[in-house]
Structure formats: structure tokens, C-alpha cells
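*Asks:* Have a look; sequence and predicted model below, questions after that.
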Amino acid sequence: MSDFERLPDLVALARRVAADEIMPRFQQVAFSRKHDGSLFTEADIASQAALQRELPKIVNCPVLGEEMNVAEQKALWVNHEDGLWIVDPIDGTTNFVHGLPHFSVSIALFRQGRPVLGVVYVPALDECFSAAAGYGAWMNGQSLPLRLDIPKSLCEAVAAVEPKYLGGRLPARVVSVAPFSSLRNYGSSTIDWCWLAAGRTDLMLHGSQKLWDYAAGVLILLESGGQIASIHHDNYWQDNIWQRSVVAARCPSLFKPWLEWVKNNR
């Protein structure tokens, strides 16, 4: 069976884990803080445990999850280039804890350092985004992008921006003199990728995403026709895999001027 043929099983698993482990705890679970100050809950732990148990039944390779320690994560990455699941059991835990609907379960299969399958399921909205390398991207079975009209220039574009990790001049510049029409920040990197792929936003900028933040989303965007770079590398894949920045657009006509603006305002 090809990786592409496994995609329906992966979509079904994401939906099942959300139904069994995440949504019954929505707005009803206590939270704790990790050493970096980020939140985690019993739902994060239960979701990751379910994914670790079930994913090897789809493709028999190890699972790297956000809720593992750093040493475990790095050992898995180094030793399993031929096949590795990357999961974020709940991306947007702060939203989840506070009753906001912008959170997801994210699953990607990597081979040779690149994603070949990706699924992001947003259970509160019942939206499941998926992609297979070389085959395309979908939302609930409908091909992406959903919105086909493209802004004529950056000044008409909507941008998803996380200014917190940008550094240098960019945080101030992107708020005060950015060339786009409107700024959004939904508190979930995985959703940012998917909504850009869908055409709900036009541009994206983030200063530091973890591997599990972009693992599935980057494939979904690329398979929908989007383009990517990092803040310091035109080749996105040259950036640090553990803290990777992203400059992205949903189409080539927006990507080139957006990347140029970011470079000139670092």
C-alpha cells in the first residue's frame, strides 16, 4: 500500500482521537505549565498516547510527539530518517483551555526529512485538512484552495502573523508599516498553515515554529500551491528544524513581494 492510500486511515484516526480524547475534555480540564511557560493538559497527554498506540498500525515507524522530552525527540529524528511520525496532540492548548475553537490535532509522516503525509483536524469546527506529497491537498474531501480569487497586490492581502518570536525590527514594522490590508493571529500554527492553504488568509509570518507546528501544515500548503521561505533562508528547509521561521504566501504573485518586504525590514 502506498503512503497516499493510507491517507483515509490517517484522517479517520485524527477524527477518532479528537472525539475520544480531546472534545470530551474541552473547557472541562485543568492545566499545568511546562518549563517554557506553555500550557499542557490531560487531553494533550491522552491524545498523544492514543496516537503513539495507533499510528504504527498505519505505518510501522516511531512517533515523535510534542509532549516527549527533548532528548527523546532528537534521538528519534536522528535515527529514523526512513520513517517517522510527527504529532502535535493539541496545537493551540491555550485556546483549548480558554474555550476558543482554534485548536487542532496534527499528524505528519516524514521520510528523509520531508513530510509525505499530513493531516490537521480542527474538531470544534469539524474541518479536516489533509495532503499527500505529489497528490494534492483537501479540506473535508474538497480540493484546496477553497477560495480561488487572489488579491491583486499585497495591500489587499490578509496576513496571519505571530510577532512574538520575530526579533529585530520586524515586530514593530509588521504592526506599524506592513504592506498588507489586515492582520490576524489565531494562536495555532497548524491552523495558520491550513487557512493559508485554503485561501482564508493570503500571507503568513512566524519567527520560530517547532517541528510539530509545521510538520503537517507545510505539506498541506505546498500541495495547495503555496510558496515558502524562512526569514534568513530562501530555501525553507535550510532553517533550524527545531525552531524554524516561515515566510509564506498562498500564491507566487504575492510571495515574491512579501518575502522582499520581510527581508528589507528585518
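*Replies:* Received it, and whenever you're ready, just let me know what you need.

*Asks:* same for the helix ranked longest in the chain, what does it pack against?
*Replies:* Assignment by DSSP state H gives helix 42-58 as the longest helix of the chain. Contact here means 3 or more Cβ pairs under 8 Å, 6 or more residues apart in numbering; DSSP states H and E; on that basis helix 42-58 packs against helix 7-17, strand 63-65, strand 84-91, strand 104-111. Where you see a C-beta, it was placed from the backbone N, CA and C, and this is true even at glycine.

*Asks:* now with 7 Å?
*Replies:* In this structure, helix 42-58 packs against helix 7-17, strand 63-65, strand 84-91, with contacts taken as 3 or more Cβ pairs under 7 Å, 6 or more residues apart in numbering; DSSP states H and E.

*Asks:* So residue 163 sits against residue 173, correct?
*Replies:* No: when contacts are counted by Cβ atoms under 7 Å, residue 163 is not listed as touching residue 173 (9.6 Å).

*Asks:* From residue 215, how far off is the nearest residue to residue 55 once chain neighbours are set aside?
*Replies:* Closest residue in space to residue 55, ignoring its immediate chain neighbours: residue 85 at 4.8 Å, by Cβ to Cβ, 6 or more residues apart in numbering. From residue 85 across to residue 215, the span is 9 Å (Cβ to Cβ, to the nearest Å).

*Asks:* Repeat that for residue 69.
*Replies:* Taken as Cβ to Cβ, the span from residue 69 to residue 215 is 18 Å.

*Asks:* neighbour-wise, which of these two wins?
*Replies:* Higher neighbour count among residue 69 and residue 215: residue 215, with 28 against 8, using other Cβ atoms under 10 Å.

*Asks:* per-residue confidence at the most centrally placed residue in the chain?
*Replies:* Of all residues in the chain, the one closest to the mean position by Cα atoms, centre = their mean is residue 190, 2.6 Å from it. Among the per-residue scores, residue 190 shows a pLDDT of 98.

*Asks:* Also the one 4 residues further on?
*Replies:* The pLDDT attached to residue 194 in the predicted structure is 98.

*Asks:* go on, residue 236?
*Replies:* Here, the pLDDT recorded for residue 236 equals 97.

*Asks:* Next, give phi and psi for the closest residue to it other than its chain neighbours.
*Replies:* The shortest distance from residue 236 to any non-neighbouring residue, by Cβ to Cβ, 6+ apart, is to residue 228 (4.4 Å). Phi and psi for residue 228, reported as degrees, to the nearest 10, are phi -140, psi 150.

*Asks:* Contacts only, for residue 228.
*Replies:* By Cβ atoms under 7 Å, 6 or more residues apart in numbering, the residues touching residue 228 are 218, 221, 222, 236, 246, 248.

*Asks:* just residue 47 next, same as before
*Replies:* Applying Cβ under 7 Å, 6+ apart to residue 47 gives the contacts 17, 21, 22, 89, 90, 105.

*Asks:* I'd like those written out as a markdown table, with neighbour count, distance to residue 211 and pLDDT added.
*Replies:* Below are the contacts of residue 47 laid out as a markdown table (neighbours: other Cβ atoms under 10 Å; distance: Cβ to Cβ, whole Å; pLDDT from 0 to 100):
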| residue | neighbour count | distance to residue 211 | pLDDT |
| --- | --- | --- | --- |
| 17 | 27 | 19 | 98 |
| 21 | 22 | 22 | 95 |
| 22 | 25 | 21 | 96 |
| 89 | 29 | 14 | 96 |
| 90 | 33 | 16 | 96 |
| 105 | 29 | 16 | 98 |
